[in-house]
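Novice: please work out how this folds:
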Amino acid sequence: MAQTRYFEKDSAGVVRFWQIRHVGIRCHMAWGRVGGVSKGLTMTLDDEAHAARHFAKKVSEKLRQGYVEVTPVAEPAKVAADLPLLDVMRAQEEKRYAGAWDFHWSGYEPVPGYAGTYAKFHDFTGGPGPFYDYLVLSEDERRGLEFVVKRPGHDPAVIAAFLDFVRPRLGLVFDGRSHHKVRLPSPIGQFDHVLFCAPSLNHDRYGGRLGKALPVLDCEIADEDTEVLVAARLQGRDAMPSTTWDRKPCPVIDLTFDLRSLGGFAELGGTLSVREKKFKVYPRTTVERVLRLLAEAQPDSWLRIRNYRRDVLTLTPPDLTPETAARVDGFLRGDSAAL
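Specialist: Down below sits the predicted model:
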């Protein structure tokens, strides 16, 4: 059950607010000046108990800072649940700032041959660069999913094959599960699976009416991944570039390690030990760095790497050879011979 707390603090006549909402494994926070522009942040925790503890911790923190809990000013009535998604999107975007709807969403053009499917090209020269934004609506137009493709990897034939597969399966986004990893009958471009993500993995945009889908390689998302791990792979540090459809494979890399050096690791400024007690998501560059440290570590030091199949490769200093890097790459792609 969702729980929301709202607080305000008056500092020399300037009233600031802070709000937190706990839903499942997430805590959504918003803050800013009352009547002004606000900012927000969503934290995805390990489980619901962890999220509840985080919720309580942040509330206590704000109370110590002098914030006072108040009843927020009643918001305008929410957009009726039976209105089309596009109307809901327009209403919420126009509440953000003047011109938000025109900037982000107006200009969508129907995709020929695909009823209820729209696309808009954003010709950004900086930031994310130019990209195509696709919106696929359900038959009643009340829900939908989106996907984004950066222009360098945008291939009309690949997009058409992706839409052919995704549109009949849009309901997977709203069946109560956080995600579905579905194997393709034949590859679409370089990809062999599609990941369907519930609204909770799409920042619960527009009242939970909008999910997303993206093509993936088998090695990029584990079949048994929890919602927390999928969120980490899509939104965490060094996240998989899901909008880059001509990318290199970004396999699952979960690491845990215990490295010790009697003389201290020169690369770490003389630090004697470094460890990660539990498996956590890391980028490939961290694997390379830990392998360098492992080569300098005491013989009983170790590194464990877990791939998308939940196989675990354990390496110690005596295991290292010139072929270790290639062995690790094969293991991450699912080559059992690398174990």
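Novice: elements contacting the longest helix seen in the chain?
Specialist: Using DSSP state H to define each element, the chain has its longest helix at helix 48-64. Judged by 3 or more Cβ pairs under 8 Å, 6 or more residues apart in numbering; DSSP states H and E, helix 48-64 is in contact with strand 3-11, strand 14-23, strand 26-33. Yep, even glycine has a C-beta here, placed from its N, CA and C like the rest.
Novice: and of those, who's closest to residue 141?
Specialist: strand 14-23 (25.4 Å; Cβ to Cβ).
Novice: contact partners for the closest residue to residue 178 other than its chain neighbours?
Specialist: Nearest residue to residue 178, sequence neighbours excluded (Cβ to Cβ, 6 or more residues apart in numbering): residue 227, at 3.7 Å. Taking Cβ atoms under 8 Å, 6 or more residues apart in numbering, we find residue 227 in contact with 25, 44, 178-179, 200-201.
Novice: pLDDT weak spots in this protein?
Specialist: Scanning the chain for pLDDT under 70 picks out 1, 72-81.
Novice: I figured residue 108 hits residue 136, correct?
Specialist: No. Assessed by Cβ atoms under 8 Å, residue 108 is found out of contact with residue 136, at 11.4 Å.
Novice: more neighbours: which of those two?
Specialist: Legend: neighbour count by other Cβ atoms under 10 Å for residue 108 and residue 136, higher for residue 136 (23 against 14).
Novice: that one: which element?
Specialist: Element membership for residue 136, per DSSP states H and E: strand 131-137.
Novice: now the element after that strand, going C-ward?
Specialist: Going down the chain from strand 131-137, the next helix or strand is strand 144-150, by DSSP H and E.
Novice: quick one: distance of that next one to the chain centre.
Specialist: Strand 144-150 has its C-alpha centroid displaced from the chain centroid by 14 Å (Cα atoms, centre = their mean, to the nearest Å).
Novice: just stretch 272-288 next, same as before
Specialist: Centroid separation for stretch 272-288 versus its chain: 20 Å, with Cα atoms, centre = their mean.
Novice: now swap in stretch 259-269 and tell me
Specialist: For stretch 259-269, the separation from the chain centroid amounts to 34 Å (computed by Cα atoms, centre = their mean).
Novice: what residues sit buried inside it?
Specialist: Within stretch 259-269, the residues that count as buried by 16 or more other Cβ atoms under 10 Å are 259-261, 265.
Novice: returning to what we had before: which members of the contacts of residue 227 occur in strands, if any?
Specialist: 44, 179 (DSSP state E).
Novice: including distance to residue 132 and neighbour count, could the contacts of residue 227 go into CSV?
Specialist: Formatted as CSV, these follow (distance: Cβ to Cβ, whole Å; neighbours: other Cβ atoms under 10 Å):
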residue, distance to residue 132, neighbour count
25, 31, 22
44, 27, 20
178, 26, 18
179, 23, 24
200, 25, 20
201, 21, 20
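Novice: what is the nearest of the contacts of residue 227 to residue 254?
Specialist: Nearest member of the contacts of residue 227 to residue 254, counting by Cβ to Cβ, is residue 44, at 16.3 Å.
Novice: ok, back up a step: after the longest helix of the chain, next one along is what?
Specialist: Heading C-terminal from helix 48-64 (DSSP H and E), you reach strand 68-69.
Novice: picking up where we left off before, just the buried residues of stretch 259-269: which are in strands?
Specialist: Using DSSP E, the buried residues of stretch 259-269 in strands are 259-261, 265.
Novice: picking that back up, now do the strand holding residue 136: distance to the chain's middle.
Specialist: A distance of 18 Å separates the centroid of the chain from that of strand 131-137, by Cα atoms, centre = their mean.
Novice: same for it, what does it pack against?
Specialist: By 3+ Cβ pairs under 8 Å, 6+ apart, strand 131-137 packs against strand 117-122, strand 144-150, helix 156-166.
Novice: elements contacting the second one?
Specialist: Judged by 3+ Cβ pairs under 8 Å, 6+ apart, strand 144-150 is in contact with strand 131-137, helix 156-166, strand 210-216.
Novice: break this structure into its domains for me.
Specialist: If you go by automatic domain parsing, the domain ranges for the chain are 3-69, 85-235, 254-338.
Novice: quote the end-to-end distance of the last one.
Specialist: With Cα to Cα, to the nearest Å as the measure, the ends of domain 254-338 fall 16 Å from one another.
Novice: just the second one next, same as before
Specialist: For domain 85-235, the first and last residues are 24 Å from each other (Cα to Cα).
Novice: repeat for the first one
Specialist: The first and last residues of domain 3-69 sit 14 Å apart, counting by Cα to Cα.
Novice: chain center to that domain, what's the gap?
Specialist: Centroid displacement of domain 3-69 relative to its chain, using Cα atoms, centre = their mean, is 21 Å.
Novice: coming back round to it: single out the most deeply packed of the helices and strands packed on strand 131-137.
Specialist: Of all those, strand 144-150 has the most neighbours on average by mean count of other Cβ atoms under 10 Å, namely a mean of 21.
Novice: tell me what angle that one forms with strand 131-137.
Specialist: For strand 144-150 against strand 131-137, the angle by axes from the mean of the first three to the mean of the last three Cα atoms, to 10 degrees is 160 degrees.
Novice: what does strand 144-150 rub up against?
Specialist: 85, 128-138, 159, 162, 166, 170, 173, 196, 202, 209-214, 242-245.
Novice: okay if I get the helices and strands packed on strand 131-137 as a markdown table plus distance to residue 186?
Specialist: Below are these laid out as a markdown table (distance: least, Cβ to Cβ, whole Å):
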| stretch | distance to residue 186 |
| --- | --- |
| strand 117-122 | 21 |
| strand 144-150 | 19 |
| helix 156-166 | 9 |
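Novice: please consider this matter closed, and thank you.
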